[in-house]
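J.: what would the 3D arrangement of this be:
(2 chains)
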Amino acid sequence: MNSNPYGDAFESSQRKAILSQRHRTGKIWQVFFLSSTVIGLIALVALLLTVLDKSFSYVVIEYKVDPATLANKPLVELSNAELVNLLETNLSKNRFRTLDRANTLTTRSHEDLLNLVYENVVEPRALASYSMSQWIFDNPRIRAEVADKYPQAKLEFRAWISGSFLIDPLSGNPLQAGVRTALLGSLYLILITIVVAFPVGVGSAIYLEEYADKTKWYNRIIQTNIDNLAGVPSIVYGIIGLAIFVRTLAPLTSGAFFGNEDGNGRTILSAGLTMALLILPVLIINSQEAIRAVPNSLRQASYGLGGTKWQTIWNHVLPYALPGILTGTILAISRAIGETAPLIIVGAATFITSDPTGPFSKFTALPIQIYNWTTRPQEVYRNIAAAAILILMITLLSLNATAILLRNRFSRRHA
Amino acid sequence: MTSQTNAENNIIIQAQDLSIYYSSFRAVKNVLLNIERYKITAIIGPSGCGKSTVLRAFNRMNDFIHGTHIDGRILYHGQDIYAPDVDPVQVRQMIGMVFQKPNPFPKSIYENIAWGARINGYKGNMDDLVESTLQSAALWDEVKNDLKKSALALSGGQQQRLCIARALAVKPEIILMDEPCSALDPIATLKIEDLMRELSVKYTIIIVTHNMQQAARASDYTAFFTMDEDRAGLMVEYGDTSQIFTRPHDKRTEDYITGRFG
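T.: Numbering: from 1, shown residues only, chains lettered A, B, ... in the order given. Predicted coordinates for the structure are as follows:
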């Protein structure tokens, strides 16, 4: 009888059958993993394509006064004096005087004057907009429809994501709107969030990992709560922020305490603090993970040389854990920059044209603008929302790239 | 017996009726051990007999293990190092340690040595200190042109000698070595043993080792530990290395060194 349960010979059919079965199982799993990746990739590409498709469009624009009839050359090429002249001849006396009184026209910049001419004289209105895919696949029908429905209007190509979109302030007219106000608001917000959350988060992580006695019940409760807080919906943090920062601490967050007249706590500072609160649990957990990964032999080496606990942490544990802590911070910030719900609760303005000037400014942020624009019925708003999404993604990418460069610098130094 | 009084005057550290507990478990019981200055004392014994635990008690490295406490006393120059007014940081500065696995800091060779000196308030010329300690550790010639390079680029044996140099830079009196050669090849091991011999002129060395040939080759005194039926470690015999390895008084020692046990 056969005494070897795996088969007699090296080349026996029994061995081969078992082996091929094992290989087959492996193959099936490999295919499963690959398809998961592919599904994710398809979703990502679909998202990007949709956004890109909407960022470029053919738009039907109707002018109150066709810019071509205003002057014998393009408006951009006109001098300041000619632009002022244009305003004077085309506007009512009262309107002209109001504009002049707000800010003397002759001293205004060329860009500013050009905007005034557009807003008050040309008054472009977007009647319809066709995304690139619609334009390409449905071209004859669109042309017929435009000629039929909007005989007065012009059909123009428009790249919504552009330099002027980035640097123009928000505007009621989607054709002239930009995201500067929202972008600055987002950057300011993230700055406050990092400045507050990073030291507090890393500090808590150091305490919990290096000092806290994990066998004590109260430390275990703290730990469990932090882990749970990471899963609390962001809108709940918004409500906390509203109650604490906007209302209770209004004298501080509105700047009234520092001599700011307006006592309204709906400021960029309140929002930043709320965001910091939101990302703290994630930041703490990630930092703890990084600190836990520091080999104990390193701590022992330090203690063995007569290092104190603080010297051990500051000189050895933290430098070793820093790349991991930075990775965690990147993840946390990525979450914060895209958060919308808490900002709505904390009271980000949906329409504001002035840039934030300090922590006590009223503000808006990119996700708020995107949300706001996508709720409008007109097609053009979807175009500027798409462009704003691209700006948000680019901002996120560049923030992450900075953090990754920083992290690599640190890991190289300690390798 | 005339040398006995002489030897007693030379005792630098002694364990008196030392028992060490991990929470309620008694890991080591009633150890009585006098360590003589400028000698190499080896602690040998089977796995789990508490050799390392005793060694780490000498510079209070057990403090970091939760629930550890001791009974009895450890006297360093007659001063109980577990007395409430003694700062363990100061104990560790005077009683340095070299670990089983080389554990240089992930920094430059220079910085590995300079760090300990700097935090302990060294005011002299750092370059000189780095050079002299590396020379004492027989590493200078190999690394003098690479002081700015990462210590992790060194071989295992070099790393361990760097760890010894690092310990010397803090100017300890005693150096504890916890199986310092167990991760090294025979040639690197011999280098460390030669180095220990050179260092014993100026330092007192206590070494825990699994390697009996090493204890026989490199030490002046040997303590043999084993464990009793409760798995508590105890010291069986302590004496001149030559006596322990040639004429052990205790049957258990003889069984261990002849390979019949352990």
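J.: per-residue confidence for residue A:142?
T.: The model reports residue A:142 with a pLDDT of 87.
J.: just the one 10 residues further on next, same as before
T.: The predicted local distance difference test score for residue A:152 is 80.
J.: so it belongs to a strand, correct?
T.: No: remark: residue A:152 does not belong to a strand; assigned using DSSP: H, G, I helix; E, B strand; the rest coil, it is coil.
J.: list the contacts of the nearest residue to residue A:305 once chain neighbours are set aside.
T.: Distances taken as Cβ to Cβ, 6 or more residues apart in numbering or on different chains place residue B:116 nearest to residue A:305, at 3.6 Å, with adjacent residues excluded. Where you see a C-beta, it was placed from the backbone N, CA and C, and this is true even at glycine. By Cβ atoms under 8 Å, 6 or more residues apart in numbering or on different chains, the residues touching residue B:116 are A:305, A:306, A:307, B:166, B:167, B:169, B:170.
J.: what ranges do the helices span in the stretch 151-262 of chain B?
T.: For the stretch 151-262 of chain B, applying DSSP state H, counting those that start in this stretch gives helices covering B:156-168, B:186-199, B:212-218, B:241-246, B:251-257.
J.: helices and strands around the first one, which ones?
T.: For helix B:156-168, the helices and strands in contact under the criterion 3 or more Cβ pairs under 8 Å, 6 or more residues apart in numbering or on different chains; DSSP states H and E are helix A:296-304, strand B:95-98, helix B:109-119, helix B:126-136, helix B:140-143, strand B:174-178, helix B:186-199.
J.: which residues are contacting it?
T.: A:301, A:304-305, B:96-99, B:102-104, B:109, B:112-113, B:115-116, B:133-134, B:136-139, B:142-143, B:151-152, B:154, B:175, B:180-181, B:183-185, B:187-189, B:191-192, B:195, B:199, B:203.
J.: also the last one?
T.: Residues from elsewhere that reach helix B:251-257, judged by Cβ under 8 Å, 6+ apart: B:44-46, B:212, B:224, B:226, B:236-237, B:244-245, B:248, B:260-262.
J.: where in the chain is pLDDT low?
T.: Assuming you mean chain A. In the predicted model of chain A, residues A:1-2, A:259-263, A:412-415 satisfy pLDDT under 70.
J.: please go with chain B instead
T.: B:1-8, B:261-262.
J.: show me the contacts for the residue nearest to residue A:373 when sequence neighbours are not counted.
T.: With sequence-adjacent residues excluded and distances taken as Cβ to Cβ, 6+ apart, residue A:373 is closest to residue A:385, at 4.0 Å. By Cβ under 8 Å, 6+ apart, the residues touching residue A:385 are A:54, A:369, A:370, A:373, A:374.
J.: what do you get if the cut-off is 7 Å, keeping everything else the same?
T.: A:370, A:373, A:374 (Cβ atoms under 7 Å, 6 or more residues apart in numbering or on different chains).
J.: ok, now how distant is it from residue A:366?
T.: 10 Å (Cβ to Cβ, to the nearest Å).
J.: now do residue A:7
T.: 65 Å.
J.: residue of the stretch 151-262 of chain B nearest chain A, please.
T.: Residue nearest to chain A within the stretch 151-262 of chain B: residue B:170 (5.5 Å; Cβ to the nearest Cβ).
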